[in-house]
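> all I have is the shape, not the residue letters:
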């Protein structure tokens, strides 16, 4: 790991979406000229390197802190100059600068030094330059500028408060302006306002259109040959967790909810392959390259974004990248009231559909299961966040939130569905109140299916409930309804695969589970438990052993995988390994017995259960 001390500049444009919306073609044409005539020569003059795009802002690195502050001051002073303000589309942006120790990975940089610069930029007023104390200490006495002490500011994810200074854009700042001259290696001081106006006059309109996008660095393309999975035969996309840029860390659930909603909405489009939430959220809180994500998940497109919520105002930035070329397809900013959050989600969805030239069916165009109650929506987002903790206390708290959401909006499909799964898991996972909890789960699943007839998830839940109740005819009917609706979400497919296994439909189970695993490459080990059992049903114990061993590698203490291994090694006649698996079962769960197992598993065909019990008996599992 390479580390070094450097100066980091983070910049963010205000109003870019409006500029692009008013004149997209003109803006794009101007960007090329702007980069050639201003940005590149200025970056060379001050020895700045554009590192990457972060959300909707540029990240730069400077070897000299004096050069970094000079660069930022020149750009802002030029844009504040009367000649540059002539255009009604004048651009305004924020800049934050910090000195810090960074981690270097290829052309990318990470670390608290980068994070502080980004947070300063977020706090900075439009048109300003904010710097940290360590930057101020290095430039005072070296640059004839006015600095205003803004005191200490608490910034997100940084333990200690940061002392902040503002660079005043007064006459001293204007006097710092230098001519635009490619190849200049050091700034020349004393350039007076009249000369500055002449130097920037020809570019004033361009400066007023855009600055940030002209710095857009080419991302390193992903290698199709190095992808962990073959690209699907239709457009494929991963939605990375949106960054929470709010000052309040408790708003994390809101940013996560935005990401999850986009993944869910995109998954409903039949012409699109969408990576599951579980695998996308592996990258939460990490600084990763688009290339890495695309190659690990086997997708062509990656959507990135950020959310900043303050009171009833929300700002959402998104960008869509074609990983195979490293090029950006589009980037957009949405400044809205929270009450318009669903409209923003629909706008992003529409952008992706248009950019990828997808054709929606009539059902996909009209389908919507969202609530009209913002309060109910907020409760569901909080419940989702709690359910990712996988503990009984969080599950109980989530249950209370979901019940409140339904009270606020009795027609909220997702709230009913999530609460139904919550009650089902209360018995299946936490082992409490089988009859009562299954009855509640059934009632909620039936209501969700009524509210959203095109959603397969409620039918899968109903099938699971009926299967565990040994009401096999009803379970089979719900399985067929779910299959007819063509589920495309990994969790729904995996749950469907599990109930298909118990129903004895091995071929359908393999199909559902292999789809789930492809959609969710970083899947939990239970996907492999069910897939192994599906292969066993098809008389492929060799494939069963292969996937079960992969599952044990993910979680050596997952007892059900050792059950699968004992059964399938026994079917292969490899008794030493079957006995070793039985030993692991007893180690992990000393109370595991054949009698309890036979009473628990709800196989439709008694012969499937009896065969498994006999294989476990031969392996050495106690009666």
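Arrived safely, thanks for sending. Note that the structure is predicted; figures quoted are calculated from it, not measured.

> quickly find the element holding the closest residue to residue 434 other than its chain neighbours.
With sequence-adjacent residues excluded and distances taken as Cβ to Cβ, 6 or more residues apart in numbering, residue 434 is closest to residue 427, at 4.7 Å. C-beta here means a position set from N, CA and C on the backbone, and glycine is covered the same way. Following DSSP states H and E, one finds residue 427 within helix 413-428.

> what sits up against that helix?
Applying Cβ atoms under 8 Å, 6 or more residues apart in numbering, the external contacts of helix 413-428 come out as 369-371, 376, 379-380, 383-384, 387, 395, 398-399, 402-403, 405-406, 409, 432-434, 437-438, 440-445, 447-448, 451-452, 455, 457-458, 461, 464-465, 468.

> which residue sits closest to residue 468, ignoring its sequence neighbours?
residue 602 (5.1 Å).

> doesn't residue 532 fall inside a helix?
Yes - counting by DSSP: H, G, I helix; E, B strand; the rest coil, residue 532 falls inside a helix.

> give me the neighbour count for it.
Here the number of neighbours of residue 532 (other Cβ atoms under 10 Å) works out to 30.

> go ahead and confirm it touches residue 551.
Yes - assessed by Cβ atoms under 8 Å, residue 532 is found in contact with residue 551 at 7.1 Å.

> joint contacts of these two?
561, 564.

> so what does the most centrally placed residue in the chain look like in phi/psi?
Central residue of the chain (Cα atoms, centre = their mean): residue 241, 1.9 Å from the mean position. Main-chain dihedrals, residue 241, degrees, to the nearest 10: phi -60, psi 130.

> now it: how far from residue 452?
Residue 241 sits at a distance of 26 Å from residue 452 (criterion: Cβ to Cβ, to the nearest Å).

> quick check: the gap between the residue nearest to residue 558 when sequence neighbours are not counted and residue 134.
Nearest-residue entry for residue 558: residue 525, 5.1 Å, with adjacent residues in sequence omitted and distances by Cβ to Cβ, 6+ apart. Relative to residue 134, residue 525 is positioned 46 Å away (Cβ to Cβ).

> likewise residue 594?
67 Å.

> try residue 479
From residue 479 to residue 134 the distance is 63 Å (Cβ to Cβ).

> between these two, which has more neighbouring residues?
residue 479 (24 against 18).

> give me the nearest residue to the more buried one, chain neighbours excluded.
residue 463 (4.7 Å).

> for the one you found, phi and psi?
According to degrees, to the nearest 10, residue 463 has phi -60, psi -40.

> was I right to think it contacts residue 471?
No - using Cβ under 8 Å, residue 463 is not in contact with residue 471; the gap is 10.0 Å.

> more neighbours: which of the two?
Per other Cβ under 10 Å, whichever of residue 463 and residue 471 has more neighbours is residue 463, with 29 against 14.

> residue ranges in the stretch 301-450 of the chain under the pLDDT threshold?
Along the stretch 301-450 of the chain, the parts satisfying pLDDT under 70 run over 365-369.

> for it, which segments are assigned as helices?
Assigned by DSSP state H, counting those that start in this stretch, the helices in the stretch 301-450 of the chain fall at 341-355, 362-366, 374-387, 392-408, 413-428, 434-451.

> what comes up buried for the helix or strand hosting residue 608?
According to DSSP H and E, residue 608 maps onto helix 606-619. For helix 606-619, the neighbour count (16 or more other Cβ atoms under 10 Å) marks 608, 609, 611, 612, 613, 615, 616, 619 as buried.

> which residues touch it?
504, 537, 563, 566-567, 569-571, 575, 578-579, 581-582, 594, 597-598, 601, 603, 623.

> now the buried members of those residues.
537, 563, 566-567, 569-571, 578-579, 581-582, 597, 601, 603.

> okay, and which of the contacts of helix 606-619 map to helices?
In this view, the contacts of helix 606-619 that belong to helices under DSSP state H are 537, 563, 566-567, 569-571, 575, 578-579, 581-582, 594, 597-598.

> what's the farthest-apart pair in these?
537 and 579 (23.1 Å; Cβ to Cβ).

> coming back round to it: so which of the helices of the stretch 301-450 of the chain gets nearest residue 493?
helix 413-428 (14.7 Å).

> mind giving me the domain ranges of the protein?
Domain assignment for the chain by automatic domain parsing gives 2-215, 224-366, 382-619.

> weakest of the ones you listed by average pLDDT?
Lowest mean pLDDT within the domains of the chain: domain 2-215, a mean of 72.

> show me the contacts for residue 494.
If you count contacts by Cβ under 8 Å, 6+ apart, residue 494 has them with 512, 513, 516, 520, 523, 526, 527, 530.

> PyMOL command to pick out the buried ones of the residues you listed?
Applying 16+ other Cβ under 10 Å to these, the buried members can be selected in PyMOL as follows:
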select buried, resi 512+513+516+520+523+526+527+530
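
> need the strands for the chain, in chain order.
Counting by DSSP state E, one finds strands in the chain at the ranges 2-14, 48-54, 57-62, 92-105, 108-110, 129-132, 147-153, 162-167, 236-239, 243-244, 273-274, 301-310, 313-322, 327-337.

> what sits against residue 113?
By Cβ under 8 Å, 6+ apart, residue 113 lies in contact with 5, 6, 8, 98, 99, 100, 101, 102.

> what about the last one, neighbour count?
So the one you mean is residue 102. Neighbour tally, residue 102, other Cβ under 10 Å: 24.

> again with the first one
The local packing count at residue 5 equals 10, with neighbours defined by other Cβ under 10 Å.

> wait, it touches residue 101, no?
Yes - here residue 5 reaches residue 101: they are 5.5 Å apart, a contact under Cβ under 8 Å.

> ok so, going back, quick one: which two of the buried residues of helix 606-619 are the most distant?
Among the buried residues of helix 606-619, 608 and 619 lie farthest apart (Cβ to Cβ), at 17.0 Å.

> for the residue lying closest to residue 67 once chain neighbours are set aside, give its distance to residue 394.
Once flanking residues are discounted, residue 67 sits nearest to residue 46: 4.1 Å by Cβ to Cβ, 6+ apart. Distance, residue 46 to residue 394, using Cβ to Cβ: 50 Å.

> with residue 533 instead?
Residue 533 is 29 Å from residue 394, by Cβ to Cβ.

> of the two, who's got more company?
Using other Cβ under 10 Å as the criterion, residue 533 and residue 394 rank with residue 533 on top: 29 against 15.

> residue contacts, the residue nearest to the more buried one when sequence neighbours are not counted?
Distances taken as Cβ to Cβ, 6+ apart put residue 501 closest to residue 533, at 4.8 Å, once the chain neighbours are dropped. Residue 501 sits next to 509, 530, 533, 534, 537 when contact means Cβ under 8 Å, 6+ apart.

> and if you look at residue 106?
So residue 106 contacts 220, 289 (Cβ under 8 Å, 6+ apart).

> swap the cut-off to 7 Å and go again
Going by Cβ atoms under 7 Å, 6 or more residues apart in numbering, residue 106 touches no other residue.

> all set, thanks.
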